[in-house]
Structures are given as C-alpha cells and as structure tokens.
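Q: Please find the sequence and the predicted model below.
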Amino acid sequence: MKVIDRSANGVNSLVHLICFSMLPTIFDIFVSVSYFSIVFDFWLGLTVFTCMLIYFVVSYKGTTYGNKLRKVDLKTANELRNKSLDSLLNFETVKYFGNEKYEINNFEKAVKTLYDGELKSRIIYATMDSLQNFVINTSLLIGSLLCAYKVRTNELTLGHYVMFSTYIVQLYSSVDWFDYFVRAIQRNLVDIENVLEVLKEEQEVSDSPDARELEVTDGAISFNNVFFEYVPNQPILKNISFEVPPGGTVAFVGPSGAGKSTIMRLLLRFYDVCSGSIIIDGQNIKDVTQESLRKAIGVVPQDTVLFNDTIGYNIKYGRLQSEEDDIIEAAKGADIHDKILTFKDKFATEVGERGLRLSGGEKQRVAIARTLLKSPHIVILDEATSALDSKTEQNIQKSLQRVCSGRTTIMVAHRLSTIIHADQIIVLSEGKIIERGRHSDLLEMDGVYASMWKLQLSSNNRNEMESS
Ligand SMILES: Nc1ncnc2c1ncn2[C@@H]1O[C@H](COP(=O)(O)OP(=O)(O)OP(=O)(O)O)[C@@H](O)[C@H]1O
C-alpha cells in the first residue's frame, strides 16, 4: 500500500538523518580515545577505551531490553483502553447480567499489569543510568590516578593532568548526549512502529486513481452476475442479477444469513464484488468515488445508533449545511416533530450515549428524518421496522413512504406485510435467488415465499387471538 511505503520511507530517512547528525559525536569520541593512546599514554587510552566500551554495551543492552518492555507496555495500554471502552459501550449488558464486579476486577487486573510493566521499565532505565554513572566515575578515578602517578614519575606534566581532566569531562558529556539521543530515538521509533501497525491495515476498498464522481440522473440500479465472498472459498452471493428501474422498489426476503444485508453493503461499496458488476445509471460503482456514491444513497438501518448530542444535531447529520427550517421540515416528514416539542429542551434535547434516552421508534424516526434531509436518489431500508411493535411499525410506514416516494428503493424485510407493494420481491436462499416477482405472482407460484406468507399470517392470527 502506498501509505505504508511512504511512512516506512519517512522513518528510514529520519533514521539516516539522525545517524548523519551523530557522526561528529562518534568522530569526537574516536579522536579523543586515539589522542589519549598516542599523545598521552597507551594504558590511559586503553582504560578510557575499555570504560567507553563497557558504557556502550550497558547502554545497548539496557535500551534493547527497555524497548522490548516498552512494546509490551504499549500493547497492554492498548488492550486496557479497548477493554474499558468495550465495557463502557456495553454498560447495559454488564448491568443486565450483574457483572459490574467482574468488569471492575478485569479492569483492575489490566491496570496492575500495565503498572507492573511500567515499573519494570523504570527500574531497568534507572539501573542502566546508575551503571553508566558507575562506569564513567570509575574510568575518571582510574584515569586520574594513572595520570597522577605518571605526573609523579615525571612521565607526564601537570599540564597533561589538567588537560586529561578537561578532555575526559568533555568526552563524557558527548557520550552522555549521544546515549540520551539514541535512547530517545529508539523509544520514539517503538511508538512510531505502533502507529505504522495501524497504517499497515489494508483498506478494504479504495478509489481507483481515475475515479469520477457518480452522476445520478434517474437512479436505475442493476446487479449483473454478482459473486461475492468475505472469506476465500466461502461464497455468500452467487450470480446475483436484478434490476431496479428509476423510482422502483425491490425487496429482499429470505432466511437469516441468506446474504440480504450483504447486497446492501455491496451497493454502498463497503466491499468490492469478487466478480460481476453493480451499475448505477450506466456507471460501474467501481469506477466512481466512494464519497459521491454514498452521497447518492440514504440508509435507514435496522438499529439506529445516534451521536451523544442533541436531537437537532442528530437530524442535521443527514446534511450538515441544513438550516433550522429544513431540520423542522424533516422532523415533520418523519412524524417526530410533535414528539420533540413535548421534550423540555425541544430540539436541544440530549439523546444520551448511542441515543439511549429515546425509544426504538423515536430513534428510527430520527434516522428517517436524517434521510429525508439528505434527500438521496436511492434509499436503502435495511429491516427498518423489524425492531418495532406492529402499531409503531404502522405509524412509521407512512414516514418511510415519504422517504421512498419518487426514489429508487431497496428493502430488506422480515415482516412480509411491509413489502407487499414492492415492484419486485426477490427471495434469497444461501446466496442464490430462488424466486422473484410481485407479491401476487409469488403467492400464485405457491413456493417458498407463499409458505413464508402463510406462516406469518397464521402467527399474526394467533397473536391477535391471544391478545383478544
Ligand atoms: N464481515 C463478515 N465477514 C465474514 N462473514 C460475514 C461478514 N458479514 C457477514 N458474514 C456472513 O455472511 C452471511 C450473510 O450475512 P448477511 O448479513 O448478508 O445475512 P442476512 O441475510 O442479512 O441475515 P439476517 O437476516 O440475519 O440479517 C452470514 O453467514 C454471515 O455470517
């Protein structure tokens, strides 16, 4: 992937740049050690060189081990963040099962692992610092004693002694700076590696370099011999072909796992088809930008998840440039305006995390209002009313009709009563189309759809009898 190449090149260039900037320091150290050996005394030079070698070995080993610990710490910190986020997002499930203590224990364990890891790395770095100081001071002591001895035996002058002390202090300040710099770089490289891991994630779908904007004129959709699998050799859709004329409605029914929602995901290009094509108004969706494609499609999903903000904000999300009047119109169209006016803060009412302060029907209406505001050419209703009771569903149907009117619509439904007016009903089973036609045609066919219809009728009758 281009992004990875670029970032990897970036890191390589950074490492090269740093190495170059360190050359003077390395040169400085090399010259100093040689100077001691040649000009002063061989044993003095050897002492300084040996201590320097020990210093670098300690530094290398300590930093390498410290980096390993840091990698583990980063992994633990990520896991801790994911775990806490997951428990907070699913707080209702935690409460349903009374598992608060279990979650708290898990969190405490994760915090303790992180704390222990950080403590270990701090101990390693502190030990390394002490060892390095010990090596430097020992070398200073041995060097000074050796130098003093040579002055006493008249092999060196007092001036040599002063020069040695000045040199060695300067040398060790360079070495110290070098060590600090290398340590900081290595530590940051470990962190960058963490970011690169994220960049390495392959993008499921990317725009082709010459991708154009999708131009929707009528909103005609056609699937041509579409074959798709999420995992190799496990086909989900097999040779799916159908057409939706401009403004027409096609509904998909079938058992759970048949591939109905997958068709919607392919139309939105969350995945690319393995073979075949999806055409909108004569343009293959592979050749257009994902942004323009998704702008043309409005989705009313099965479970509407709202932002933890106001109702007004959540409706406005359908078209961020909307004026207040447009939002009110959309709310009226979705039949939620009167309900919003009964709230104390009206459109400024906070909906809570994921919209938990609203009922299922209200959330669904917000989703419809958003789609009305977006005013797309194509609408997808993915089991938009399956989570609602029959009465709420009947009320919402009117709003849905408003969203779909004059727009090409693709629906997924479990309740067959919601799709009887569709221009075409397609029955899917194990990724294949097994029946298609209008409601009355399919009933006449007396096949899978007809038996599903009879089953739903009898269960509806049973429910009515039980409630009366
Ligand atoms: N991201 C994914 N990776 C792998 N397999 C997946 C993925 N998403 C869905 N599937 C599988 O693809 C199959 C079809 O899923 P899909 O959601 O399209 O079914 P569906 O007909 O909409 O079912 P339902 O009516 O229960 O929502 C299922 O067997 C599912 O397990």
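A: Perfect, I can see it now. These numbers come from a predicted model, not from an experiment.
Q: going forward, measure contacts and count neighbours with C-alpha atoms only.
A: Will do.
Q: in what helix or strand does the residue of the stretch 1-150 of the chain found nearest the ligand lie?
A: Here the stretch 1-150 of the chain gets closest to the ligand at one residue, D86, 19.1 Å apart by C-alpha to the nearest ligand atom. Assigning secondary structure by DSSP states H and E places D86 in helix 42-89.
Q: how many neighbours does the residue of the stretch 1-150 of the chain closest to the ligand have?
A: D86 has 11 neighbours, counted by other C-alpha atoms under 10 Å.
Q: From here on, call the first residue 743.
A: Okay, using 743 as the starting number, the last item reads as D828.
Q: helix or strand right after the strand or helix carrying Y922?
A: Per DSSP H and E, Y922 falls inside helix 900-942. Sequence order places strand 963-971 as the next helix or strand after helix 900-942, per DSSP H and E.
Q: Who are the packing partners of that next one?
A: Where contact means 3 or more C-alpha pairs under 8 Å, 6 or more residues apart in numbering; DSSP states H and E, strand 963-971 is packed against strand 977-986, strand 1017-1022.
Q: hmm, try it at 10 Å
A: Strand 963-971 sits against strand 977-986, helix 1002-1009, strand 1017-1022, strand 1025-1026, strand 1150-1154, with contacts defined as 3 or more C-alpha pairs under 10 Å, 6 or more residues apart in numbering; DSSP states H and E.
Q: So which of those is the most surrounded?
A: Mean neighbours per residue, mean count of other C-alpha atoms under 10 Å, is largest over the helices and strands packed on strand 963-971 for strand 1150-1154, with a mean of 26.
Q: between the very next helix or strand once past that one and strand 1150-1154, how big is the angle?
A: Per DSSP H and E, the first helix or strand lying C-terminal to strand 1150-1154 is strand 1166-1171. Between strand 1166-1171 and strand 1150-1154, the angle comes out at 30 degrees (axes from the mean of the first three to the mean of the last three C-alpha atoms, to 10 degrees).
Q: Report all helices and strands that strand 1166-1171 contacts.
A: Using 3+ C-alpha pairs under 10 Å, 6+ apart, strand 1166-1171 sits against strand 977-986, strand 991-995, helix 1002-1009, strand 1150-1154, strand 1174-1179, helix 1181-1187, helix 1190-1209.
Q: partners of the fourth one, with directions?
A: So the one you mean is strand 1150-1154. Within its sheet, strand 1150-1154 is paired with strand 991-995 (parallel), strand 1120-1124 (parallel), according to DSSP bridges.
Q: okay, the angle between that strand and strand 977-986?
A: 140 degrees.
Q: Strand 1150-1154 close to the ligand?
A: No: Strand 1150-1154 does not reach the ligand (C-alpha under 6 Å from any ligand atom); its nearest approach is 7.7 Å.
Q: tell me the contacts of the nearest residue to G989 once chain neighbours are set aside?
A: Excluding the flanking residues, the one nearest G989 by C-alpha to C-alpha, 6 or more residues apart in numbering is T1150, at 4.0 Å. T1150 sits next to 960-963, 986-992, 1039, 1118-1122 when contact means C-alpha atoms under 10 Å, 6 or more residues apart in numbering.
Q: 6 Å instead?
A: 961, 988-990, 1120 (C-alpha atoms under 6 Å, 6 or more residues apart in numbering).
Q: related to what we said a few turns ago, quick one: closest of the strands paired with strand 1150-1154 to K1174.
A: Across the strands paired with strand 1150-1154, K1174 has its closest neighbour in strand 991-995 (11.5 Å, C-alpha to C-alpha).
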